[in-house]
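Undergrad: Predicted coordinates and the sequence they were generated for:
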Protein chains: 2
Amino acid sequence: MSSAQFEGNAVIGQSGGPTAVINQSAVGVVEGLRELGFPGKILGAHHAVAGIVKSDFIDLTDTPQDVLDRLADTPSSGLGSSRDKPDADYCKKIFKAFAEQDVHYFFYIGGNDSSDTCRIVAEMAAADGYDLKAFHVPKTVDNDLVKNDHTPGFGSAARFVAMAFQGDNLDNRALPGIKINVIMGRHAGFLTAASILGRRAGTDDGPHLVYVPEADFDLDTFKQDVEAIYAEKGRCLIAVSEGIHDKDGTPMAVKLAPAVEKDAHGNVQLSGTGALGDYLAAALKEHFAAKGEKARVRADTFGYLQRCFPGAVSIVDQQEARNAGRAAAKAALTSGKPSGTIAIQRVSDSPYAVEYNLLDIAEVAAKTQHLDPKYIVNHRDIDDSFKDYLSPIVGELPTMETIG
Amino acid sequence: MSSAQFEGNAVIGQSGGPTAVINQSAVGVVEGLRELGFPGKILGAHHAVAGIVKSDFIDLTDTPQDVLDRLADTPSSGLGSSRDKPDADYCKKIFKAFAEQDVHYFFYIGGNDSSDTCRIVAEMAAADGYDLKAFHVPKTVDNDLVKNDHTPGFGSAARFVAMAFQGDNLDNRALPGIKINVIMGRHAGFLTAASILGRRAGTDDGPHLVYVPEADFDLDTFKQDVEAIYAEKGRCLIAVSEGIHDKDGTPMAVKLAPAVEKDAHGNVQLSGTGALGDYLAAALKEHFAAKGEKARVRADTFGYLQRCFPGAVSIVDQQEARNAGRAAAKAALTSGKPSGTIAIQRVSDSPYAVEYNLLDIAEVAAKTQHLDPKYIVNHRDIDDSFKDYLSPIVGELPTMETIG
C-alpha cells in the first residue's frame, strides 16, 4: 500500500476517567499509523474534545520511540482528558479546528460516554460533509462496554482491587472486625467482583460479602448478612460497589447526598467521597450497639487510587491496550470504513487469546455491559467461577502464606 | 557458644497495626534463634498478648524454611495482632502462661505502644522474679519511634503513598481540579511527607500542599493556600495527615466527631473513615461557591491500604525488618541483658548503610519521634531535601513520562 492514499493529519484524544494503561492505547495508535506509513502529522488533543475546539494540540509526529515507550508505561491520560459531550455547535467548532489543521483521522480513546462522543462526531461529520475517519478505542476501568469481553484499564484496576483485598483480608484477620471497602463501578460490578480473585479456597479469606450494582441493595438485609458472617467467623470483610442502589434504582450515594454533582453526561458524582462507606459503617455500629454488642467497624473507599496506581498494572492489560490502539490505526487506514470501534473479544480461554475486531460504533456507544447474573450468588457474593474469566486479564497475584 | 546455656522456650508476638513487612521480623527472630542453636521451642503468640493470656500459641519450631520465606513475603501480622495494654493483673496471666510453657524469651514486634507493653512485661517480670528476657523489635508505618533513623513498615507504607501520589498527580493533571488525599500518621508526618518523593523538579507535579501534624492546621489558612495554588496552576493536589490538629492540639478528626472511639492506649480512631477528607472537600466547595466559582473538589482517604498493600513493598524495608528480628534474637541470646530494643540507626547516607543497635526499651517506649522541623516549609509543604532521607528506605520509584 502506498502512503499517498492517506490524506491529511490525525488527532488522538483520551477522554473520560484516566486508567493505568490509556497511554498504551495512544502510543499504539501512533505506532500503528507509523507502521502503515501514514505521512501526515500525528497530533494529540490536549484535554480531548475540549482541547480540539481550542486548537490545543500536542504534536506527536516526531516523538522518539523511547519517549513513547516510557509514556506508554506511565499511568493516566498523558494528553489530558475531558468529560465534555459535544452537541451540534460543539462539533462545528471541532470541524473548524480540524479543517485548519487538515485533520481527517480522529481516534478517541474512552468508555461508554466517550464512544458516544466519537459516534456523534462521526455522524455530524457525515452530515456536515466533513471528510473524517473517526475511530473509537475502548477504555474503562468499569469494564462495562458491550460487545467487548473486557476493556483496557479494567485489568489493571482489577489487579489493584484484588491485591488490595489480599492485603486487607490479612489485615482484618490480624485485627478482627468488620471492614467495608467501597470500590468503583457506577453501573457494573466487575471491579467490585475482582475483590474475590485472591480469595483462597479452604481458608477463612474474605471478602465474605460482595455487593454489586447488578443486585438491589437493602440496608436491613445487609445488616443481617454481616451479622451472620460476624457471628460465624468473628470478622467480616465486605466489598461494596459505589453504584449500589435500592430496589427503585436510586443509588445509595444519591440517597445520602441529594444535591450531588453531575457531569455533562448526567452521571452523578460517586467517587472522591467516603460518604457511602462511612454511612454503611455507622449503620452497622448502630445495629450492633442496639444489640448490646460492640463491633470494630471500619470503612475504606478505594477512590481514584484504583485507576492510576503504578504498582498494580496488569501486563496483559498493557499489551491489549497497545494492541487496541494499533488495531484502530489499521482500521482507519485500511478498512475503508469512515468510522468504527475496536472490540476486544475472547476467542479462547485456554490458552487465553483475544481478537481485536472492528465493529460499528453504534453497537457500543452509550450502552452498558453488566456482570453476568450467573456470577452473583444470592445478592451478596460472587461465585469463584468468575476467577476463570478474570484471572488471565489480571495476571498472577502475589502468593499469600498464612499459618495458625 | 553452646546451646546448653539457653534455657526454656521462646515466644514471638506481633502487636498493633499490621505492616507489609512485620512477618519479615517474626521470621528474622526465628532464623536468628535457629542460627545461634537455640534448642527450645519457638512459639508464635496468636494475637499477641491477648493470645498469650489464653495460652493460644502457634508452634513455629519446625516450620520449614520455604514456608517461613513465603510468610516473610506476606503482608500483615501472620501471628495475629492485638492492641491490649497489659496491667499488673494481665502480666500475672502472661507469666502464668509462660511458666506453663517454660517460656523465658519474649520477642515483641511493634511500635510505640507495643514497645511500652514490652517494657511493662519486662519490668513486671523482674518485679515478680520471673526469669524472662524481653526484647522489642521496632515496627510502625508512622515511623515515629525515637532513637531510630526509621522503622520497619514505614518504607513500604511510604512507597505506597509515594506511588499513589505519582498516579494521582497525573490523574489530577488529566482532569484538573482540587484533590485532597488523607494519609495515615497520628502524631508524625513522615508518611504524609512521603507524598513528595515522586514530585519531579521543574514540572507542575503535586502534591502542591502538604499538611503534617507537626504544624498547626487552620482551616481559613488552608482555604487561602488552596485558592492561591488553584489560581496559579488550575489544579491543586493536597496531602493531609489524618492527625492534623488546630493550634490547641485538638485533632480535626475529633472536632468532626467528638464521640470517636478510643483504644486501650487512649488513641482515638483516625483511620477507617472518610470524614476528614469529606469535611475538607466540603469546606473548599463552599469557599469557592461563595466566591461564585465552581471547583471540582474530590477527597480520597488512603486508609488501611497503605500498610498492607502487596504491590508497593520496599525491598530495603523487607531486608531491614528481617535483620531487626535477627538482631533481637542475637541480643536476647548473647548480650547478657534481660531486655532491650533494636534501633535502626543510619551510619552513612552514601552508600546508604544502617546498624542495628541494642538500646534500653525505656529509651524508646511510648515516646514519639517527629518530623524534623527543617523539612517543613512554612506550614504547608515539605522540602525536597526530605527525599535524601527517604529515598534509600523506599527504593527507586517508577519513571513517569509526561508530554505537552
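TA: Received it, and whenever you're ready, just let me know what you need.
Undergrad: contacting residues around the biggest strand by length in chain A?
TA: The single longest strand within chain A, with elements called by DSSP state E, is strand A:339-349. Strand A:339-349 is contacted from outside by A:115, A:118-119, A:122, A:133-138, A:145, A:147-152, A:320, A:324, A:327-328, A:331, A:352-361, A:363-365, A:388, A:392, using Cβ atoms under 8 Å, 6 or more residues apart in numbering or on different chains. All C-beta spots, glycine's among them, are computed from the backbone N, C-alpha and C.
Undergrad: Just the buried ones out of the residues you listed, please.
TA: Buried by 16 or more other Cβ atoms under 10 Å in any protein chain shown: A:115, A:118-119, A:122, A:133-138, A:145, A:147-152, A:320, A:324, A:327-328, A:331, A:354, A:356-359, A:361, A:364-365, A:392, out of the contacts of strand A:339-349.
Undergrad: show me the residues around the residue in the stretch 151-300 of chain A positioned nearest to chain B that make contact.
TA: Residue nearest to chain B within the stretch 151-300 of chain A (Cβ to the nearest Cβ): A:Gly274, separated by 1.4 Å. By Cβ under 8 Å, 6+ apart, A:Gly274 lies in contact with A:182, A:299-301, B:273-275, B:277-278, B:299, B:301.
Undergrad: and the helix or strand in which A:Gly325 is found with strand A:339-349, angle?
TA: Using DSSP states H and E, A:Gly325 sits in helix A:315-334. Relative orientation of helix A:315-334 versus strand A:339-349 (axes from the mean of the first three to the mean of the last three Cα atoms, to 10 degrees): 140 degrees.
Undergrad: Which strands and helices lie in contact with helix A:315-334?
TA: helix A:22-35, strand A:103-110, strand A:133-138, helix A:154-174, strand A:339-349, strand A:352-359, helix A:386-394 (3 or more Cβ pairs under 8 Å, 6 or more residues apart in numbering or on different chains; DSSP states H and E).
Undergrad: Please identify the buried residues of it?
TA: A:316-333.
Undergrad: rewinding a little: which ones among the contacts of A:Gly274 lie within strands?
TA: Among the contacts of A:Gly274, DSSP E puts A:182, A:299-301, B:299, B:301 in strands.
Undergrad: Among the residues you listed, which pair sits farthest apart?
TA: The span of the ones in strands among the contacts of A:Gly274, defined through Cβ to Cβ, is set by A:Ala299 and B:Ala299 at 14.0 Å.
Undergrad: Now do the strands in the stretch 1-150 of chain A.
TA: For the stretch 1-150 of chain A, the strands defined by DSSP state E, counting those that start in this stretch occupy A:9-14, A:42-45, A:57-59, A:103-110, A:133-138.
Undergrad: hey, C-alpha coordinates of the second one in CSV?
TA: Presented in CSV, the C-alpha positions along strand A:42-45 are these (Å, rounded to 0.1, in the frame of the first residue of the first chain):
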residue,chain,number,x,y,z
ILE,A,42,0.0,12.9,14.4
LEU,A,43,-1.5,15.3,16.9
GLY,A,44,-2.6,14.7,20.5
ALA,A,45,-5.7,16.6,21.5
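Undergrad: Now do that strand: distance to the chain's middle.
TA: Counting by Cα atoms, centre = their mean, to the nearest Å, strand A:42-45 is centred 23 Å from the centre of its parent chain.
Undergrad: which other helices and strands contact that strand?
TA: Strand A:42-45 is packed against strand A:9-14, helix A:22-35, strand A:57-59, with contacts defined by 3+ Cβ pairs under 8 Å, 6+ apart.
Undergrad: quick check, A:Ile180 in a strand?
TA: Yes. Membership of A:Ile180 in a strand is supported by DSSP: H, G, I helix; E, B strand; the rest coil.
Undergrad: Bridged to it, which residues?
TA: A:Ile238, A:Ala299 (DSSP bridges).
Undergrad: so what's the residue nearest the centre of chain A closest to, chain neighbours aside?
TA: For chain A, A:Val141 is the residue whose C-alpha lies nearest the centre (Cα atoms, centre = their mean; 1.4 Å). Excluding its sequence neighbours, the residue lying closest to A:Val141 (Cβ to Cβ, 6 or more residues apart in numbering or on different chains) is A:Ala157, at 3.8 Å.
Undergrad: is it true that the one you found touches A:Leu191?
TA: Yes. Taking Cβ atoms under 8 Å as the definition, A:Ala157 is a contact partner of A:Leu191 at 5.7 Å.
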